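In: dropping the sequence and predicted coords here.
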Amino acid sequence: MNSQLQKQLLIGGLAGVLVAVLIWFFLGGKRDELQSLRTVNVGLEKDVAKGVALKFNYEKLKAEVAGQEKVIEELIKIMPTDTDRGEIPYRIKKLADTAGIEQISFSLLAPSAKDYYTEYPVQFSFRAGYHSLGQFTSLLSGNDKIINISDLVMKRDTTNALYPMVVTCKISAFVYNPAAPTPPAAAPGARPTAPAPAKKEGGE
């Protein structure tokens, strides 16, 4: 191989290396940019997947809330009003007469305010038989408004053949009341303190 050919091969090799270096140098930034775009794309894909999942959960939660609101609306319809709870003693007396038990007494208890309703309990006393008491509670459960019976206590009465037991219980009406609770009233006998009269100057 002559020296001229060797020079040409050497020059060609150096030119190839130089071209490769230049290509690597100029395309290096593009590779970094491409890698950065790929990373951003992966992040966007994750965000899109998260958004799809959130939308699905939102739609599901929205349907659940709508269902709960419908249930609440139906419950409100069968909750007693203020007028209904005021008629409880009269209605209970009618149910007792229908069931064949004798109402001895009743007393209004203090109402208990909750977040969305107020409980108005009434304490009752009855003379009753076992079967007639069962009929009474059955009639009470069939009421068209929500009325609850609790604290049921039965005591045998051997002195009365017609009514072999005395029954005490608490019957409550739950009135829907979404309003915020009122502030507590001032203590009995408490009066606001009047400001002291201003003193006159000049020795009078």
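Out: Done, it's in. Numbers count the residues shown, from 1 in each chain.
In: wait, doesn't I88 sit right on Y120?
Out: Yes - between I88 and Y120 a contact is recorded at 7.5 Å, counting by Cβ atoms under 8 Å. Every C-beta, even on glycine, is put in place using the N, C-alpha and C of the backbone.
In: touching both of the two, which residues are there?
Out: Counting by Cβ atoms under 8 Å, 6 or more residues apart in numbering, the residues touching both I88 and Y120 are A173.
In: tell me the helix or strand right after the lowest-mean-pLDDT helix or strand in the chain.
Out: The weakest-scoring helix or strand in the chain, judged by mean pLDDT, DSSP states H and E, is helix 3-78 (a mean of 72). Downstream of helix 3-78, the first helix or strand assigned by DSSP states H and E is helix 82-86.
In: distance from the chain centre to that next one, please.
Out: Centroid separation for helix 82-86 versus its chain: 26 Å, with Cα atoms, centre = their mean, to the nearest Å.
In: could you chop the protein up by domain?
Out: 8-78, 82-176 (automatic domain parsing).
In: from the ones you listed, which stretch is densest packed?
Out: Most buried of those by mean neighbour count (mean count of other Cβ atoms under 10 Å) is domain 82-176; its value is a mean of 15.
In: any idea how far apart the tips of that one sit?
Out: End-to-end span of domain 82-176 (Cα to Cα, to the nearest Å): 9 Å.
In: for the record, mean pLDDT for it?
Out: When pLDDT is averaged over domain 82-176, the result is 89.
In: next one: it to chain centre, how far?
Out: 30 Å.
In: give me the distance between P121 and Y90.
Out: According to Cβ to Cβ, to the nearest Å, P121 and Y90 sit 16 Å apart.
In: can you check D157 too?
Out: Relative to Y90, and taking Cβ to Cβ, D157 is found at 26 Å.
In: do K145 as well
Out: For K145 relative to Y90 (Cβ to Cβ), the value is 14 Å.
In: same thing with D47?
Out: 65 Å.
In: now G43
Out: 70 Å.
In: helix, strand or coil for the residue nearest to D84 when sequence neighbours are not counted?
Out: Leaving aside its chain neighbours, D84 sits nearest to K145 (5.4 Å; criterion: Cβ to Cβ, 6 or more residues apart in numbering). Secondary structure assignment for K145 (DSSP: H, G, I helix; E, B strand; the rest coil): coil.
In: and K145, backbone torsions?
Out: As for K145, its main-chain torsions (degrees, to the nearest 10) stand at phi -120, psi 160.
In: which residues touch it?
Out: I78, M79, P80, D84, A173.
In: my read: the first one touches I147, true?
Out: No - between I78 and I147 there is no contact under Cβ under 8 Å: 10.1 Å.
In: who does the closest residue to S112 other than its chain neighbours bridge with?
Out: The shortest distance from S112 to any non-neighbouring residue, by Cβ to Cβ, 6+ apart, is to E119 (4.5 Å). Applying DSSP bridges to E119 gives these bridge partners: S112, F174.
In: please tell me how far E119 sits from K145.
Out: For E119, the distance to K145 - Cβ to Cβ - is 14 Å.
In: V153 too?
Out: 24 Å.
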